[in-house]
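In: Mind folding the following:
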Amino acid sequence: MTGNERIGILTGGGDVPGLNPVIKSVVYGGSEIRRQVIGIRKGWEGLTYMTSAEDPTYIRDLTRDNTRTIDRTGGTVLHTSRTNPRRIPESKLPKHLPKEQLKKLPFDGKTYDLTSIVLANLERLEIGCLVAIGGDDTLSFASVLSKAGFPVVAIPKTMDNDVQGTEYCVGFSTAVTRAKQSITRQRTTVGSHERIGIFRIFGRDAGFTALYTAYVTSTRCLIPEHPFDLDRMCGLLMEDKANNPSHYSLVVVSEGAIWKDAQVKEYGEADAYGHRKKADIGHALAEEVHTRTGQETMVSDLTYDLRSGEPDAIDQLVAITFANIAVELIRDGVAGRMVGIQSGHYGHVPLPDSSAGARKVDVATLYNTDRYRPNYGSKLGAPLLFGGS
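Out: As a prediction, this is how the structure comes out:
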C-alpha cells in the first residue's frame, strides 16, 4: 500500500443489480477504518479524462449520508462506461492534455495507451487503493494497474457469471430470477397461440445465465460452449410440444450460442475491448425452426430487462459481503486480489489474467448434450449455489 489513505471506487462495463450495495458497503466499511472514499464516475473514463481532483463530472466524495439509501435501487450511482485507457483513438484523446505529453504516450498506429495518465490521476486524487467493480474487460485494466505497482482490489460483477477465479459474480442471481419471472408470465401467451417460445438471453462467451434459467424453468437451453444440432433441437421442441397439454414448447438461448457448421455473425464497430455485437441468435433460430417444422414461433429478448431494477436478496447479500471483504483486505494492506467464491466459500484470488478468457460452463457435468437441458442429477456434495466451472 502507498502512504495515501483514500480509497477510490469505480464501476465499469454493463450495469447490474447489486452495484449500489457494493458502493454503500465500501463507504460504510471505509468509515469504520477511518478511510475516506472517493467515487470515480463513468468507470475508467473518469480516471482518463478528469481535469482536476475536484472535477465534478468525474469525481464525487462518498459519505455515509449520501450513500445511505442507494442500496435500495439498481444501476450504479457512479455511472459506467466501457472505456479502455490502453486503447484511446486520437479523436478521443483528452482535450486538456498538452501536446508535449501526448507525444510521450505509447502509440500503436491506431490508439494511444493512457495508463500513465490514469496512474498520475490516482496520485493526484491521493488514492492509496482502488476498488474496481466489473467484469472481464474492466478487471483486465485493473490488472494492468496492479502490475504497474498500484494497489487494486477487485469485485466481480456480470450477469454472465463468467469471470475467471470466482463461481459467482454480482448481478447473476437477479438476472436468473428476472428471467424466470418473465418466462413464467410469457408462458400464457406462448400457450394461448400454441407456439414455440424462444428466449434470447445474455451470454456472449459462456452459458451460465441460460443454463440456470433453464434449470429453474424446466426448459431446453442452448449455450456457447456446445454447438447444437439444429435438426435435433427442432425434434426435441416438437416432442415437448406434443407432450404438453397446452401444445407449446420453450427454449432459452445464450446470445453466443450457435448451431453446428454455422458461421458466427458479428456486426458494427468493435468496442474499446475488441468486441463486436453478435447477430441476433433468437430471430435466426426462429426462422430455422419455422422452416424445418412449419410451427409458429415467438421470440422474446430477455437481455437488458434482466439488469434493470433493484437486486434480489442473494445479490444484495453477496454484494454486501464482497464489499466488506474488500475493505478488510485494504485494512490489512492486501492488494492485487479479487474477492470471489471458490467451492461455495468466500475468498480472494489474484486478479484474473485477461488472456485466460471467460470462465466456461463445465459441459461434462452441468449440461445434458443429448437433451439440451441442464443436468439435474449428481448434485450430492455440490455447493448450494452456482458451484462448478
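
In: Please make it C-alpha for all contacts and neighbour counts, starting now.
Out: Noted.

In: Would you map the helices across the stretch 151-300 of the chain?
Out: For the stretch 151-300 of the chain, the helices defined by DSSP state H, counting those that start in this stretch occupy 172-192, 208-217, 230-243, 281-293.

In: For Gly46, which of those helices is the nearest?
Out: Gly46 lies closest, by Cα to Cα, to one member of the helices of the stretch 151-300 of the chain: helix 172-192, at 25.9 Å.

In: quick one: the closest one to helix 230-243, angle?
Out: An angle of 60 degrees separates the directions of helix 172-192 and helix 230-243 when computed by axes from the mean of the first three to the mean of the last three Cα atoms, to 10 degrees.

In: what's helix 172-192 packed up against?
Out: strand 196-201, helix 208-217, strand 297-302, helix 313-331 (3 or more Cα pairs under 8 Å, 6 or more residues apart in numbering; DSSP states H and E).

In: Packed most tightly, which of these would that be?
Out: strand 196-201 (a mean of 27; mean count of other Cα atoms under 10 Å).

In: average pLDDT across it?
Out: Mean pLDDT, computed over strand 196-201, is 97.

In: Then stretch 170-178?
Out: Mean pLDDT, stretch 170-178: 96.

In: Stretch 132-144 too?
Out: 95.

In: could I have it exported to CSV, CA atoms only?
Out: Output of stretch 132-144 as CSV, limited to C-alpha atoms (Å, rounded to 0.1, in the frame of the first residue of the first chain):
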residue,chain,number,x,y,z
ALA,A,132,-12.6,-1.8,-9.2
ILE,A,133,-16.0,-3.4,-9.7
GLY,A,134,-16.5,-5.0,-13.1
GLY,A,135,-16.4,-8.0,-15.5
ASP,A,136,-13.5,-9.3,-17.6
ASP,A,137,-12.9,-6.1,-19.5
THR,A,138,-13.0,-3.7,-16.6
LEU,A,139,-10.8,-6.0,-14.5
SER,A,140,-8.3,-6.5,-17.3
PHE,A,141,-7.3,-2.9,-16.9
ALA,A,142,-7.3,-3.3,-13.1
SER,A,143,-4.7,-6.0,-13.6
VAL,A,144,-2.6,-3.6,-15.7
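
In: Does Leu105 belong to a helix, a strand or coil?
Out: Using DSSP: H, G, I helix; E, B strand; the rest coil, the structure places Leu105 in coil.

In: burial count for it?
Out: When counting by other Cα atoms under 10 Å, one arrives at 14 neighbours for Leu105.

In: repeat for Val334
Out: By other Cα under 10 Å, 16 other residues sit near Val334.

In: cool, and Thr177?
Out: 16.

In: same thing with Pro56?
Out: With other Cα under 10 Å as criterion, Pro56 counts 13.

In: three-state assignment of it?
Out: Assignment for Pro56 (three-state DSSP): coil.

In: what's the answer for Arg68, then?
Out: Arg68 ends up coil, using three-state DSSP.

In: need the helices and strands packed on helix 172-192 in CSV with distance to Ile40, can you?
Out: Rendered in CSV, the data for those read as follows (distance: least, Cα to Cα, whole Å):
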stretch, distance to Ile40
strand 196-201, 30
helix 208-217, 29
strand 297-302, 30
helix 313-331, 16
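
In: Comparing the helices of the stretch 151-300 of the chain, which stretch has the densest surroundings?
Out: Using mean count of other Cα under 10 Å, helix 208-217 ranks as the most buried of the helices of the stretch 151-300 of the chain, with a mean of 24.

In: For the helices of the stretch 151-300 of the chain, give me CSV that also has distance to Asn66.
Out: What follows is the helices of the stretch 151-300 of the chain, written out as CSV (distance: least, Cα to Cα, whole Å):
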stretch, distance to Asn66
helix 172-192, 25
helix 208-217, 33
helix 230-243, 51
helix 281-293, 42
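
In: Just tell me which of those ends up closest to Asn324.
Out: Nearest of the helices of the stretch 151-300 of the chain (Cα to Cα): helix 172-192, 19.1 Å.
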